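Visitor: the following comprises the amino acid sequence and a computationally predicted model.
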There are 2 protein chains.
Amino acid sequence: MSGTVISYDVGMARWEPNARGRLERAALELFLERGFEQTTVAEIARRAGLTERTFFRHFADKREVLFPGGGALQELLVQAVAAAPDSTTPIDAVAAALQAAAPWFQERGDYPRQRQAVIASNPELQERELIKLAALAAAIAGALRQRGVPEPAASLAAEAGIAVFKIAFDRWVSSTGQPDLTHLIQDSLDELKAVTAGN
Amino acid sequence: MSGTVISYDVGMARWEPNARGRLERAALELFLERGFEQTTVAEIARRAGLTERTFFRHFADKREVLFPGGGALQELLVQAVAAAPDSTTPIDAVAAALQAAAPWFQERGDYPRQRQAVIASNPELQERELIKLAALAAAIAGALRQRGVPEPAASLAAEAGIAVFKIAFDRWVSSTGQPDLTHLIQDSLDELKAVTAGN
């Protein structure tokens, strides 16, 4: 039986419905229970009822399991920047894209808050989070250049947009109420505009 | 003789003048010659004429040797934010602090450009660079709060300032001429102000 399972595992990913999501949830449970360092990939796979081999087919390393969605978020942001009306300024196009992504987080229940608690506990995870945000900023800057925004304006708008998002997201995950992430992004953008206007 | 050196090494750091600087230069040489992954800490120490033990007294791991100065840059930025006139807006106080730090980079000759080439070649080094920048942003935000700037304005001004710096620094290291980093920071700040004003 075990041999049969392994054979499916190598050749027939369709026998593992939502393996990726199961691994993500199992990993978060274990990280919250035992801590990130104390959890092995083998334990994550076991908790998810899958094999280590399946884990590594979906994630390059243990850290990656905390960064769900593959490139889906980036794709969503790039398309939303591209879809903004021509008259929209670069920073507003970026903010609109980030707001369009808000449901992507808000539909996940407790997951984003629990995930953030794990990331906050581990410098290596913080590093990975930062490089993911830098990759999003680079992708957004590329989408702005496609709209004809020159450099360095494109990169500055993208980086400033990511700063706006980080601060809104921190407020959202650390809030005890259920504030709307879309509104927090707008508030954060308004604050940035006030700060850079030098009022 | 080797025993004597080891004995000095453990107890008498004063027998290793500028061990930190020697290790930084040796590491950069080796990273440029062989690549970051292909270089060991033992090789860096040997090139510097020091021991591995001395390396690890100065740096927590191989990546850290590319982040010189310990907390000196952060201290310089925090003090410069604190020293800005009361009438200075938060974003201008941050920009002035970053400009005050420009000579810290410009006095190092080819080091910053060579170092950036190594970092660009390795995702783990990019992650470390990003968490260092995030730590600088957090320290700057703290210095702004000390000036009475409330949150989230303090964090937004600090993050926006770091974005300004990143883009100015990228332009500086990738430039073939010898542009003045202080001017590039001012240009980048002016661009950010224009971008967020939604012109």
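Guide: Received it, and whenever you're ready, just let me know what you need.
Visitor: now do the contacts for residue A:122.
Guide: Contacts of residue A:122 were listed using CB atoms under 8 Å, 6 or more residues apart in numbering or on different chains, and they are A:36, A:37. (C-beta placed from N, C-alpha, C; glycine too.)
Visitor: please repeat the previous calculation with a cut-off of 7 Å.
Guide: Residue A:122 makes contact with residue A:36, according to CB atoms under 7 Å, 6 or more residues apart in numbering or on different chains.
Visitor: equivalent analysis for residue A:26, please.
Guide: By CB under 7 Å, 6+ apart, the neighbours of residue A:26 are A:44, A:47, A:48.
Visitor: from those, pick the one nearest chain B.
Guide: residue A:44 (21.7 Å; CB to the nearest CB).
Visitor: the closest one reaches residue A:23, doesn't it?
Guide: Yes. With contact defined as CB atoms under 7 Å, residue A:44 reaches residue A:23; the gap is 6.1 Å.
Visitor: joint contacts of these two?
Guide: Residues touching both residue A:44 and residue A:23 (CB under 7 Å, 6+ apart): A:55, A:65.
Visitor: in stretch A:39-48, what's buried?
Guide: By 16 or more other CB atoms under 10 Å in any protein chain shown, the buried positions in stretch A:39-48 come out as A:39, A:41, A:44, A:45, A:47, A:48.
Visitor: assign a three-state SS to the third one, would you?
Guide: This points to residue A:44. Classification of residue A:44 using DSSP: H, G, I helix; E, B strand; the rest coil returns helix.
Visitor: can you check the first one too?
Guide: Three-state call for residue A:39 (three-state DSSP): coil.
Visitor: look up the closest residue to it, ignoring the ones flanking it.
Guide: residue A:30 (4.4 Å; CB to CB, 6 or more residues apart in numbering or on different chains).
Visitor: and the one you found, what element?
Guide: helix A:19-34 (DSSP states H and E).
Visitor: with just CA atoms, put that helix into PDB.
Guide: Extracted C-alpha coordinates of helix A:19-34, given in PDB (Å, rounded to 0.1, in the frame of the first residue of the first chain):
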ATOM      1  CA  ALA A  19      -1.900  19.300  -1.700                       C
ATOM      2  CA  ARG A  20      -0.500  22.800  -1.600                       C
ATOM      3  CA  GLY A  21      -3.300  24.200   0.600                       C
ATOM      4  CA  ARG A  22      -3.100  21.100   2.900                       C
ATOM      5  CA  LEU A  23       0.700  21.600   3.400                       C
ATOM      6  CA  GLU A  24       0.200  25.300   4.000                       C
ATOM      7  CA  ARG A  25      -2.400  24.700   6.800                       C
ATOM      8  CA  ALA A  26      -0.400  21.800   8.300                       C
ATOM      9  CA  ALA A  27       2.700  23.900   8.400                       C
ATOM     10  CA  LEU A  28       1.100  26.900  10.000                       C
ATOM     11  CA  GLU A  29      -0.500  24.600  12.700                       C
ATOM     12  CA  LEU A  30       2.800  23.000  13.500                       C
ATOM     13  CA  PHE A  31       4.700  26.400  13.500                       C
ATOM     14  CA  LEU A  32       2.200  27.800  16.000                       C
ATOM     15  CA  GLU A  33       2.300  24.600  18.200                       C
ATOM     16  CA  ARG A  34       6.100  24.000  18.200                       C
END
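Visitor: and it, average pLDDT?
Guide: For helix A:19-34, the mean per-residue pLDDT is 94.
Visitor: now do the buried residues in it.
Guide: A:19, A:20, A:22, A:23, A:24, A:25, A:26, A:27, A:28, A:30, A:31.
Visitor: hmm, which two among those residues are most spread apart?
Guide: A:19 and A:31 (18.2 Å; CB to CB).
Visitor: spell out which parts of chain A neighbour chain B.
Guide: Within reach of chain B by CB under 7 Å from any CB of the partner chain, chain A has these residues: A:89-92, A:123, A:126-128, A:130-131, A:134, A:152-153, A:155-157, A:159-160, A:163, A:166-167, A:188, A:191-193, A:195-198.
Visitor: filter the residues you listed to the buried ones?
Guide: The neighbour-count test (16+ other CB under 10 Å) marks A:89-92, A:126-128, A:130-131, A:134, A:152-153, A:155-157, A:159-160, A:163, A:166-167, A:188, A:191-193, A:195-196 as buried among these.
Visitor: among the residues you listed, name the ones in strands.
Guide: Using DSSP state E, no member of these sits in strands.
Visitor: spell out for me which residue occupies the centre of chain A.
Guide: residue A:67 (5.6 Å; CA atoms, centre = their mean).
Visitor: now it. Its backbone dihedrals?
Guide: Note on residue A:67: backbone dihedrals following degrees, to the nearest 10 are phi -120, psi 80.
Visitor: same for the helix or strand where residue A:115 lies, what does it pack against?
Guide: Assessed by DSSP H and E, residue A:115 sits inside helix A:111-120. The contact analysis (3 or more CB pairs under 7 Å, 6 or more residues apart in numbering or on different chains; DSSP states H and E) places helix A:111-120 against helix A:19-34, helix A:123-146, helix A:153-174.
Visitor: outside of the longest one, which residues touch it?
Guide: Residues lying outside helix A:123-146 but in contact with it, judged by CB under 7 Å, 6+ apart, are A:36, A:63, A:66-67, A:74, A:77-78, A:81-82, A:90, A:93-94, A:97, A:118-119, A:154-155, A:157-159, A:161-162, A:166, B:123, B:126-128, B:130-131, B:134.
Visitor: make it 6 Å
Guide: Helix A:123-146 is contacted from outside by A:63, A:67, A:74, A:77-78, A:81-82, A:90, A:94, A:119, A:154-155, A:157-159, A:162, B:126-127, B:130-131, B:134, using CB atoms under 6 Å, 6 or more residues apart in numbering or on different chains.
Visitor: alright, calling it a day.
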